[in-house]
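Colleague: test case, fold it:
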Amino acid sequence: MSFDIASLVRPDVATMEAYVPILPFEVLSVQLGRPADQIIKMDANENPYGPSPRVREALASMAYPHIYPDPESRQLRAALSEFVGLPADYLLAGHGADELIDLIMRLFIQPGDVIVNCPPTFGMYRFDAGVNGAQVHAVWRRPDFSLDVAAVEQAVARHPRCKIVFVTSPNNPDGSMLPESDLLRLLDLPVLVVLDEAYVEFAGLEHSRIRLVPEHTNLVVLRTFSKWAGLAGLRLGFGAFPIALMEHLWKIKQPYNVNAAAAAAAIASLEDAAYLMGNVARLVEQRQRLERELARYPFLQPFPSRANFVLCRVRGRSARGLWQALRHLGVLVRYFDQPGLADCIRISAGTPEQIDALLAALSQIGEEDDGQTG
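Modeller: Numbers count the residues shown, from 1 in each chain. The predicted model follows:
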């Protein structure tokens, strides 16, 4: 029997847009025709310093990689409890924070329910809403990327089936912070508020709101090891959840969602947090340098950032053309061509040598432009 199997796919999935991920070194090396060590990768907010040396030691000495991992990640959650200052009962680890975003959707969303998204922001909220059959109400940020809290309040009031509001601090892609007063206003709404703090280490851990979770029955705070700890390739995130949600999250998560290697790497990272926070300080220093230096180029307008990246508006020339010219020189940055981010590129903070290479490439491009117009 022959029939169109694709006709059985959910219609909403068949028409949804795919999420476009950033490519790894081995793929880029083939595409660009350059060895990986000649590529300056500043397009995905990865940590160029990599993980703690203790991570490699922990992975090399894993005793039981042939045994399924602990489904409750007890050792990891105990270490996280000490790190963030919350009882382990509030904490859930995941295969990256992305898995936790999807779990939250699965827990709350029935087809036709509504989430509030606040673009420009991290694309996974909208993506997972589509996968789980939610309607997305967009409350656009102001031109300076600050959150329009009044508009969020109005959106929740207009949509009786609104269940979740997603906010990010520092926000991706601009690096702006959510004031605590705005968060407290959101927590007065009859919805779940998910605060994504993927980049909070670069703003300073004193700005994390994770310790507010026990005080609010509708607050979830998400964190990750991808950025500050350099574990993007191992996929490890965690969240603090209201106690009333934990029993349901345990029911619906995949039994062995956190693999043994990721758990071992995360524990080793927490044991060497001081070393890793030293790398965070170096990246903050380079981000600040980026903000100063990029402002010197007449075709770039950098926005203030508290994360490990700088968003720039490109002026007087094509942002796509600039992205392509940098790519041709082996320097990769993120190019945006979407509402709220037209003519923008985002540049991840890197090592001093990587920043030097980026600035040299920008200067070369500027000189070539001058030569063409002179």
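
Colleague: next up, the contacts around S318.
Modeller: Applying Cβ atoms under 8 Å, 6 or more residues apart in numbering, one finds that S318 lies in contact with D343. No exception for glycine: its C-beta is placed from N, CA and C like everyone else's.

Colleague: could you rerun that using 10 Å?
Modeller: 299, 324-325, 343 (Cβ atoms under 10 Å, 6 or more residues apart in numbering).

Colleague: out of these, which is nearest to R235?
Modeller: Proximity to R235 was ranked across these by Cβ to Cβ; first place goes to Q324, at 30.2 Å.

Colleague: number of nearby residues for that closest one?
Modeller: By the criterion of other Cβ atoms under 10 Å, Q324 has 12 neighbours.

Colleague: show me the contacts of S318 that map onto strands.
Modeller: Assigned to strands by DSSP state E, none of the contacts of S318 qualify.

Colleague: so where is this structure shaky, pLDDT-wise?
Modeller: The model of the chain has pLDDT under 70 over residues 1, 368-374.

Colleague: now the strands for the stretch 151-300 of the chain?
Modeller: 162-168, 192-196, 219-224, 237-240, 300-302 (DSSP state E, counting those that start in this stretch).

Colleague: give me the distance between the last one and the centre of its chain.
Modeller: Spelled out, that is strand 300-302. The chain centre lies 22 Å from the centre of strand 300-302; the measure is Cα atoms, centre = their mean, to the nearest Å.

Colleague: only the buried residues of the helix or strand following that strand, if you could.
Modeller: Moving toward the C-terminus from strand 300-302, the next helix or strand (DSSP states H and E) is strand 309-314. Residues of strand 309-314 classed as buried by neighbour count (16 or more other Cβ atoms under 10 Å): 309-312, 314.

Colleague: chain center to strand 309-314, what's the gap?
Modeller: Distance of strand 309-314 from its chain centroid, counting by Cα atoms, centre = their mean, is 16 Å.

Colleague: now stretch 232-244
Modeller: Here the centre of stretch 232-244 is set off from its chain's centre by 13 Å, with Cα atoms, centre = their mean.

Colleague: and for stretch 180-188?
Modeller: When distances are taken as Cα atoms, centre = their mean, stretch 180-188 is centred 21 Å away from the chain's centroid.

Colleague: what does that stretch rub up against?
Modeller: Here stretch 180-188 makes contact (Cβ under 10 Å, 6+ apart) with 116, 146-150, 152-153, 156, 165, 167, 169, 178-179, 193, 195, 207, 209, 212, 215-219, 221.

Colleague: what about 7 Å?
Modeller: Residues from elsewhere that reach stretch 180-188 (Cβ atoms under 7 Å, 6 or more residues apart in numbering): 147, 149, 152, 165, 167, 193, 195, 209, 216, 218-219.

Colleague: quick one: K41 from P24, how far?
Modeller: Distance, K41 to P24, using Cβ to Cβ, to the nearest Å: 9 Å.
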